Each structure stands twice: as structure tokens, then as C-alpha cells.
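S.K.: Sequence below, structure please.
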Amino acid sequence: MGRVVLNGDGGGETVKESRPDRSLVERTLVRQTGNIIVVESDDLIRELVKGWLSEAGYSVAIETSAPRASAIRAADSTPRLVIANVSSPRGAGSFIRSLQEAYEAPILLISARFRRGLGASRDAARRLRVRRVLPKPFTREELLAAVSAALFDK
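M.R.: Below you'll find the model as predicted:
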């Protein structure tokens with residue numbers, strides 16, 4: 001393909017442009033963004049989160065429960081992030097500990113039981129000893145912002 005570059009006198013010339021191999025660009029993006037494991041039992045939420053993360057360039061492994069999720073570690077490269085649903089944050093201590101033992105990666109918890117608001121989210125994350133929490137329902141933008149914050153903020 002080419003593009004026309006106009007000269008100052010109104011004339012133009014066609015300049016060839018090279019485009020990078022799309023598969024190379026995609027592989028590089030996935031390598032930069034890293035692997036994310038999603039532990040979610042709800043089919044709809046699981047597929048929605050997987051789709052949004054995949055569209056954003058992340059490599060996503062999906063599991064429906066924590067015991068099966070720990071089996072991925074041997075087969076897959078070390079994840080950069082674990083996103084896990086908890087139905088009740090108050091009773092999630094053993095589930096969170098099992099994820100922390102299985103993976104050396106930050107954890108982003110999602111739940112319909114979390115309250116909205118920055119202060120509430122930070123307090124909940126601190127109490128649960130996870131990197132971030134995200135209340136359901138959430139938008140694509142909220143998910144990607146929470147993932148970015150969990151990956152890059154300490």
C-alpha cells in the first residue's frame with residue numbers, strides 16, 4: 001500500500017509504507033500485557049471478562065473454581081494477575097489464601113458484595129490482603145482500569 005504526499009507546489013508523490021505483521025504485533029502485545037487467570041463460576045461473567053481482556057491484548061486462562069485454578073500454574077507460565085470472584089468477602093479468607101499460595105501474582109477480587117467508592121474499595125482490599133477489589137456490576141472500562149491498577153500500582 002502507499003499514500004500520497006502533497007508537495008508545496010500542489011503536486012504529489014506516492015510513498016510506499018510498510019505495515020508490521022499483525023500476528024507479530026499481537027504476540028508482542030500479549031507478551032507485554034501478560035497472562036491473567038480468571039476464576040469465575042458464572043458463565044456469562046466469565047465469558048464477558050475473558051472477551052474484554054482478550055480484546056485488550058491479555059492472554060487469559062479461565063477456571064471455574066480455585067482448586068482447578070491452581071492446576072494451571074504447572075501448565076501455563078506464571079500469571080501476572082489473578083482475577084477471582086467471591087460471593088461473600090467476609091467468608092473468603094481461605095479462598096484468598098489458597099490463591100495466594102498457588103500464585104505469586106497480585107489478586108483482583110470481584111464481587112456484587114463490594115460497595116462502590118474509592119475509599120470503600122481501598123479499605124476492602126487492605127482488609128482482604130489483595131491488590132484491588134471491583135464491585136459488580138462493572139463496565140469494560142472499569143474492569144480494564146482495575147486490571148491496570150492491580151498490575152502497575154503497588
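S.K.: For residue 124, give me its contacts.
M.R.: 89, 109, 114-115, 133 (CB atoms under 8 Å, 6 or more residues apart in numbering). Every C-beta, even on glycine, is put in place using the N, C-alpha and C of the backbone.
S.K.: One more pass at 7 Å, please.
M.R.: By CB atoms under 7 Å, 6 or more residues apart in numbering, the contact list for residue 124 reads 89, 114, 133.
S.K.: most surrounded residue in these?
M.R.: Among the contacts of residue 124, the one with the most neighbours (other CB atoms under 10 Å) is residue 133, at 26 neighbours.
S.K.: give me the beta-bridge partners of it?
M.R.: With DSSP bridges as the criterion, residue 133 is bridged to residue 109.
S.K.: my read: it touches residue 115, true?
M.R.: No. Residue 133 is not in contact with residue 115 according to CB atoms under 7 Å; the separation is 9.4 Å.
S.K.: that older thread, could you export the contacts of residue 124 as TSV, including pLDDT and distance to residue 143?
M.R.: TSV is the format used below for the contacts of residue 124 (pLDDT from 0 to 100; distance: CB to CB, whole Å):
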residue	pLDDT	distance to residue 143
89	76	18
114	81	13
133	89	12
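S.K.: Export the residues you listed to TSV and append columns for distance to residue 123.
M.R.: Output for the contacts of residue 124, formatted as TSV (distance: CB to CB, whole Å):
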residue	distance to residue 123
89	11
114	10
133	9
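S.K.: out of everything not next to it in sequence, what's closest to residue 38?
M.R.: Distances taken as CB to CB, 6 or more residues apart in numbering put residue 83 closest to residue 38, at 4.8 Å, once the chain neighbours are dropped.
S.K.: quick one: contacts of the strand or helix carrying that neighbour?
M.R.: For residue 83, the element it lies in under DSSP states H and E is strand 81-85. With CB under 7 Å, 6+ apart as the test, strand 81-85 has contacts from 36-41, 49, 99, 103, 105-111, 147, 150-151.
S.K.: ok so, going back, of the contacts of residue 124, closest to residue 45?
M.R.: Set against residue 45, the nearest of the contacts of residue 124 by CB to CB is residue 114 (14.2 Å).
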